[in-house]
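J.: pasting a predicted model and its sequence here:
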Amino acid sequence: MTALKSPSGRRTASLEPGAQQADRFAMELAERLRATGENAYQGSPSDADSREAYTAYGAGGYIGLHWPKNLGGQGLSPLETVAVEEVFGYHWLPMSSYLLSVKTIGNALLQFGSPELVERLLPRIAAGELVFCQGFSEPEAGSDLASLRTRARLEGDRWIVNGRKIWTSSAEHADWAYLAVRTNPDEPRHRGLSVLVADMRTPGIDVTVHRTLGGGTIGELALTDVEIPCDQVVGEVDAGWSVLMGTLDHERVTSEKVGVVCSLLDLLVEHAVTSAQRRLLSRLRGEAAVARLHGRHATELLARRTPAAAASSMAKLSVAVLMQRLAGIAVDLLGPHALVENGPDALLGGRLAAFHRAAVATTIAGGASDIQRRNIARQGLGFGR
Ligand SMILES: Cc1cc2nc3c(=O)[nH]c(=O)nc-3n(C[C@H](O)[C@H](O)[C@H](O)COP(=O)(O)OP(=O)(O)OC[C@H]3O[C@@H](n4cnc5c(N)ncnc54)[C@H](O)[C@@H]3O)c2cc1C
């Protein structure tokens, strides 16, 4: 084990040997991005994105660590992947493209995609060349995803897609979209859904970008008569619900956010002057360790292709709730200056203020906390079945 240095050089948690190299890589990359002015304060907690960072992950061999070597991966254990994701979060690297294209969609393609689609897309993702965005949410179809209305109808060998997607992270950076669509409106609402992938340059895809509270951006997709070849379906036609749920299971393992939490705890420790404050931070560190274990448990279930919905929801819920609590506790500890993000009065390099704003979104993105609790109750504890 080796000591992990926080961006300010303070002492911190220990690292597993497999993640030490990633730590050096992440520290250098974070330094480089800071020097170019990009993501000075933001980073993974705020859904920030950077093509430069994504390309560097690919060039450094950090995309698809557990994917097979013939698909551009390194053939390592999925636990090594989540350890590296935590390190990247610890250094506040911008990760939105990575989290969507690799952790969520790349892993889902590997699980559900046809061999032809996987061979076509995975190596390019692993090389850091292809960024995906995820078009699931729609107006009135967020938590209740099964009410989505974007329609795809088959004409010859193409799907013709019409509809609107909102909350589309990284839409402005994306090369491809992973779209949830209704292919059979005559079926009950959880059936008749499919997942299609489309090149973002396809005529009829229009992107609008909005700024978010967290400091990043969020997109909206207008889809008008978009023609998608019929071999670009992920999984079976009309059986997309299980693909969607399986994709969310990957998304909800948020090890990178455990890294973010640990980095802030390391920064805060010097500001805890009373024993009660120190005890509180130790307690939060313990909760971060629990969140890490939830993530690893879900990762192992996903790797075995065994039901992981409840475990993934526990992983997501544990860290999202912890982020919000930590944000509040840190402000109590440091006072109002904790909320200054720029300029000489900003504490901890402005990170705490950025974290405070971004923590709100973490309890919503990838499924609101109420939905995670419902998943745990239903899928994990068997209530309401
Ligand atoms: C930063 C960010 C990034 C995002 N990125 C993407 C993306 O890239 N792609 C994408 O497709 N989507 C994305 N989303 C959308 C996200 O998945 C949805 O916001 C989320 O699922 C909630 O849906 P909603 O916004 O429609 O809220 P609603 O579903 O309207 O929920 C509103 C409130 O009601 C509660 N609620 C709803 N239904 C129930 C229920 N059955 N039981 C108990 N409580 C309930 C919810 O918990 C919530 O508090 C992103 C969201 C954020 C904030």
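T.: Yes, it's here. Numbers count the residues shown, from 1 in each chain.
J.: drop to CA atoms for contacts and neighbour counts, all remaining ones
T.: Fine.
J.: residues from this protein in reach of the ligand?
T.: With the criterion set to C-alpha under 6 Å from any ligand atom, the chain comes near the ligand through 134-137, 140-144, 167-169, 361, 364-371.
J.: buried only: go through the residues you listed for me.
T.: 134-137, 142, 167-169, 361, 364-369, 371 (16 or more other C-alpha atoms under 10 Å).
J.: which ones among those map onto strands?
T.: Members of those lying in strands (criterion: DSSP state E): 134, 135, 167, 168.
J.: farthest-separated two in those?
T.: Spanning the widest gap among these are 134 and 167, at 9.0 Å by C-alpha to C-alpha.
J.: before we move on, back to that, take the ones in strands among the buried ones among the residues of the chain next to the ligand and lay them out in a markdown table including pLDDT.
T.: What follows is these, written out as a markdown table (pLDDT from 0 to 100):
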| residue | pLDDT |
| --- | --- |
| 134 | 98 |
| 135 | 98 |
| 167 | 96 |
| 168 | 96 |
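J.: looking at these, which is nearest residue 161?
T.: So of those, ranked by how close each gets to residue 161 (C-alpha to C-alpha), first place is residue 135, at 12.4 Å.
J.: my guess is the closest one contacts residue 174, does it?
T.: No. Between residue 135 and residue 174 there is no contact under C-alpha atoms under 8 Å: 11.2 Å.
J.: please, which helix or strand holds residue 178?
T.: Assigned by DSSP states H and E, residue 178 belongs to strand 176-182.
J.: for residue 89, same thing?
T.: Short version, using DSSP H and E: residue 89 is in helix 78-90.
J.: who are the packing partners of that helix?
T.: Applying 3 or more C-alpha pairs under 8 Å, 6 or more residues apart in numbering; DSSP states H and E, we find helix 78-90 packed against helix 17-35, helix 255-268, helix 275-303.
J.: what angle sits between that helix and helix 275-303?
T.: Between the axes of helix 78-90 and helix 275-303, defined by axes from the mean of the first three to the mean of the last three C-alpha atoms, to 10 degrees, the angle is 140 degrees.
J.: just the mean pLDDT for helix 78-90, thanks.
T.: Averaged over helix 78-90, pLDDT sits at 96.
J.: then stretch 145-161?
T.: The average pLDDT within stretch 145-161 is 98.
J.: figure out how far that stretch is from the centre of its chain.
T.: Taking the mean of its C-alpha atoms, stretch 145-161 sits 26 Å from the chain's own mean (C-alpha atoms, centre = their mean, to the nearest Å).
J.: residues contacting it, please?
T.: Here stretch 145-161 makes contact (C-alpha atoms under 8 Å, 6 or more residues apart in numbering) with 136-138, 140-141, 162-165, 180-183, 189-190, 223-230, 241.
J.: of those residues, grab the buried ones for ChimeraX.
T.: ChimeraX command restricting those to the buried ones, with burial defined by 16+ other C-alpha under 10 Å:
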select :136,137,138,162,163,164,165,180,181,182,183,189,190,223,225,226,227,228,229,230,241
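J.: determine which stretch of the helices and strands packed on helix 78-90 is the most buried.
T.: Greatest average neighbour count among the helices and strands packed on helix 78-90 goes to helix 255-268 (a mean of 24), per mean count of other C-alpha atoms under 10 Å.
J.: circling back to that earlier point, off-centre distance for the strand holding residue 178?
T.: Counting by C-alpha atoms, centre = their mean, strand 176-182 comes out at 17 Å from the chain centroid.
J.: now that strand: mean pLDDT?
T.: The pLDDT scores in strand 176-182 average 98.
J.: what is that strand packed up against?
T.: Checking 3+ C-alpha pairs under 8 Å, 6+ apart, strand 176-182 ends up next to strand 132-135, strand 151-155, strand 193-199.
J.: tell me which of these sits nearest to residue 295.
T.: Checking the helices and strands packed on strand 176-182 against residue 295 by C-alpha to C-alpha gives strand 132-135 as the closest, at 21.4 Å.
J.: that closest one - contacts with which helices or strands?
T.: Counting contacts by 3+ C-alpha pairs under 8 Å, 6+ apart, strand 132-135 is packed against strand 158-168, strand 176-182.
J.: hmm, who's touching that strand?
T.: Here strand 132-135 makes contact (C-alpha under 8 Å, 6+ apart) with 97, 100-101, 105, 165-166, 168-171, 174-180, 221.
J.: report the backbone C-alpha coordinates of it in CSV.
T.: The C-alpha atoms that make up strand 132-135 are tabulated as CSV, following Å, rounded to 0.1, in the frame of the first residue of the first chain:
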residue,chain,number,x,y,z
PHE,A,132,-21.7,8.2,-26.0
CYS,A,133,-24.6,10.1,-24.5
GLN,A,134,-27.6,8.4,-22.9
GLY,A,135,-31.1,9.3,-24.1
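J.: that one: partners in the sheet, and parallel or antiparallel?
T.: Sheet pairing for strand 132-135, assigned by DSSP bridges, gives strand 176-182 (parallel).
J.: can you give me the angle the strand it pairs with makes with strand 151-155?
T.: On the basis of the same axes, to 10 degrees, strand 176-182 is oriented at 90 degrees to strand 151-155.
J.: bridge partners for the nearest residue to residue 136 once chain neighbours are set aside, pull those for me.
T.: Spatial nearest neighbour of residue 136, excluding adjacent residues (C-alpha to C-alpha, 6 or more residues apart in numbering): residue 180 at 5.2 Å. Beta bridges link residue 180 to residue 195, judged by DSSP bridges.
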